[in-house]
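Asks: 3D model of this:
(2 chains)
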Amino acid sequence: MPDPVDTSGLSDLPLDDLVACHECDLLMRKPELAHGEKALCPRCGYELYAHRHNVVERSLALVIAALLLYIPANFLPIMQLNLLGQTSEDTVWSGVLGLFNTGMQGVAVVVFLCSMGIPLLKLLCQLLVLLSIRWNIGRSYGLLLYRIYHHLRDWGMLEVYLMGVLVAIVKLADLAAITVGLGLVCFVSLLLVQVWLEVVMSAHQIWEALSGEDLHAGD
Amino acid sequence: MRAIEAGILICTECHELNKQEPDTDEQVCTRCGALVHPRRPNSIMRTWALLITAAILYIPANLLPIMTVSTLGQGEGDTIMSGVITLVQHGMFPIAAVVFIASILVPTFKLVGIALLLFSVQRHQPLSARQRIIMYRFIEFIGRWSMLDIFVIAILVAVVNFGRLASIEANLGAVAFASVVILTMLAAVTFDPRLIWDNTESDDDHE
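Replies: Residues are numbered from 1 along each chain as shown, chains lettered A, B, ... in the order given. A predicted model of the protein is given here:
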């Protein structure tokens, strides 16, 4: 196989034989990947793309699992606090409401978006994109939704929220008796499924499937 | 060889390659329809603007109280730093370290780090591109973790709600702090990492 960064005549090759690094703009010949392999940029080390098995089917299963976990994760109590005979419960949603009702509307909106709104939108975008590939309908909407998904990506912060839960538990441990609720279990599962989904749903293959370059993606 | 030299533009959204069309300002990606530019337009100026706004808000974020804990009707404001100190005084060192890193070290590092990246790109410094890309990736990855304190406040406000016995409410410092985090995240998104490599002397320094 020729050296991928051998520069002679690169600009004369057709675009289909080329790949450029998204982070450092290095132009290369496109390497052939087997299942399970991934290509890294030789200059800056950015992951160019990976090639995975059954991307659409596995991702669909994970998206559906994540959506099922979403409601209990956000509305079941994460913890219960017992102070001198009084109990109070905390859910992700009650945290948002609590901030909103004490005059911190701006912060409440930010917390809502980062912990509930954007994670849900991301999952819905992924679901619709996968269905559009699977059933071969509405590909142009699929492209648009997948673009939206990429813009939302950085703003869903489930893992940071989980860390926040841990910090809050430690802070409160001295004050009062704490019981961890079922909501926390669902929240952790949702987080794990979502991380797994991001690994499985290889962006490069989804883009190719959406644009019809990869005819077997929906199989 | 850089793609831009071969007249090829990468779509920033779907990473598809596009042949650069002459005489057009608004070229769209052939695959996903997003606007494609050789480099993000005004990347440096926009990043500076976001960064300076964040730096100004950084001051009230650290000086104003972020929440008030009241027990039996008496309350006192907690700033970010005093929250960390309280944790240390109670002997909870690991969690104090996590909060200190997420709320104080990371935002400070981000402000300084993005400013350094911008300086080195603007001044065409022959600083190692590898060091700069590692810094950029670190900043991009770590930024979200500063939201930690905001989430902790949200949880505490909801759960510690016993009327006069004990209650917690959020204060203005939290608004400023959340804005700093969001602005620095936007600054990291606006910065075009390809600029880091544009002013390195040769293309062959990938060994």
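
Asks: ok, and what's touching stretch A:44-59?
Replies: With contacts defined as Cβ atoms under 8 Å, 6 or more residues apart in numbering or on different chains, stretch A:44-59 is touched by A:19, A:21-24, A:26, A:33-41, A:126, A:130, A:133-134, A:197, A:200-206, A:209, A:217-218, B:15, B:129-130, B:133, B:197, B:206. (Each C-beta comes from the backbone N, C-alpha and C, glycine too.)

Asks: Buried residues of it, list them for me.
Replies: Neighbour-count burial for stretch A:44-59, with 16 or more other Cβ atoms under 10 Å in any protein chain shown as criterion, is recorded at A:44, A:46, A:48-52, A:55-56, A:58-59.

Asks: Just the CA coordinates for the longest helix along chain A, please, in CSV.
Replies: If you go by DSSP state H, chain A has its longest helix at helix A:55-75. Extracted C-alpha coordinates of helix A:55-75, given in CSV (Å, rounded to 0.1, in the frame of the first residue of the first chain):
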residue,chain,number,x,y,z
VAL,A,55,-24.0,-0.1,12.9
VAL,A,56,-27.7,0.7,12.2
GLU,A,57,-29.2,-2.3,14.0
ARG,A,58,-27.0,-2.1,17.1
SER,A,59,-27.5,1.7,17.4
LEU,A,60,-31.3,1.3,17.0
ALA,A,61,-31.4,-1.1,19.9
LEU,A,62,-29.4,1.2,22.1
VAL,A,63,-31.4,4.3,21.2
ILE,A,64,-34.6,2.6,22.1
ALA,A,65,-33.1,1.3,25.3
ALA,A,66,-32.0,4.9,26.2
LEU,A,67,-35.4,6.4,25.4
LEU,A,68,-37.1,3.8,27.7
LEU,A,69,-34.7,4.7,30.5
TYR,A,70,-35.2,8.5,30.0
ILE,A,71,-38.5,8.9,31.8
PRO,A,72,-37.6,7.0,35.0
ALA,A,73,-34.1,8.5,35.1
ASN,A,74,-35.5,12.0,35.1
PHE,A,75,-38.7,11.7,37.1
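
Asks: Can you give the contact residues for the following helix or strand past that helix?
Replies: Using DSSP states H and E, the helix or strand that follows helix A:55-75 towards the C-terminus is strand A:79-83. Contacts to strand A:79-83, defined as Cβ under 8 Å, 6+ apart, come from residues A:87-90, A:165, A:168-169, A:172, A:175-181, A:184, B:159-160, B:162, B:165-166.

Asks: List the contacts of residue B:66.
Replies: Counted by Cβ under 8 Å, 6+ apart, residue B:66 has contacts B:78-80, B:83, B:149, B:153, B:170-171, B:173-174, B:177.

Asks: In helices, which of these fall?
Replies: Those of the contacts of residue B:66 lying in helices (DSSP H): B:80, B:83, B:149, B:153, B:173-174, B:177.

Asks: quick one: which of these has the most company?
Replies: If you count neighbours using other Cβ atoms under 10 Å in any protein chain shown, the busiest of the ones in helices among the contacts of residue B:66 is residue B:153, which has 30 neighbours.

Asks: pLDDT score assigned to that residue?
Replies: The model reports residue B:153 with a pLDDT of 89.

Asks: Give the buried residues for the host helix or strand of residue B:130.
Replies: Element membership for residue B:130 (DSSP H and E) is helix B:129-142. Buried residues in helix B:129-142, counted by 16+ other Cβ under 10 Å: B:129-130, B:132-133, B:135-137, B:139-140, B:142.

Asks: Is any residue of it near chain A?
Replies: Yes: Helix B:129-142 lies within reach of chain A by Cβ under 8 Å from any Cβ of the partner chain, at B:129-130, B:133.

Asks: closest to residue A:70 among the residues you listed?
Replies: residue B:133 (35.5 Å; Cβ to Cβ).

Asks: Now do stretch B:113-120: distance to the chain's middle.
Replies: Put simply, stretch B:113-120 sits 13 Å off its chain's centre (Cα atoms, centre = their mean, to the nearest Å).

Asks: Name the residues that touch that stretch?
Replies: The contact list for stretch B:113-120 (Cβ under 8 Å, 6+ apart) reads B:44, B:47-48, B:51, B:125, B:127, B:132, B:135-136, B:138-139, B:184, B:187-188, B:191, B:196.

Asks: Of these, which pair is most distant in space?
Replies: B:125 and B:184 (22.2 Å).

Asks: Between these two, tell me which one has more neighbours.
Replies: Using other Cβ under 10 Å, the more surrounded residue of residue B:125 and residue B:184 is residue B:184, with 27 against 13.

Asks: Within the helices and strands, which one has the more buried one?
Replies: Assigned by DSSP H and E, residue B:184 belongs to helix B:172-190.

Asks: Report the distance from that helix to the chain centre.
Replies: With Cα atoms, centre = their mean as the basis, helix B:172-190 stands 7 Å off its chain's centre.

Asks: wait, does the helix or strand following that helix contact chain A?
Replies: Downstream of helix B:172-190, the first helix or strand assigned by DSSP H and E is helix B:194-198. Yes: using Cβ under 8 Å from any Cβ, helix B:194-198 comes into contact with chain A via B:194, B:196-198.

Asks: ok so residue A:88 is a strand residue?
Replies: Yes: under DSSP: H, G, I helix; E, B strand; the rest coil, residue A:88 sits within a strand.

Asks: so what strands line up beside the least confident helix or strand in chain A by mean pLDDT?
Replies: One helix or strand of chain A scores below all others by mean pLDDT, DSSP states H and E: strand A:47-50, with a mean of 79. Looking at strand A:47-50 with DSSP bridges, its partner strands are strand A:38-40 (antiparallel).
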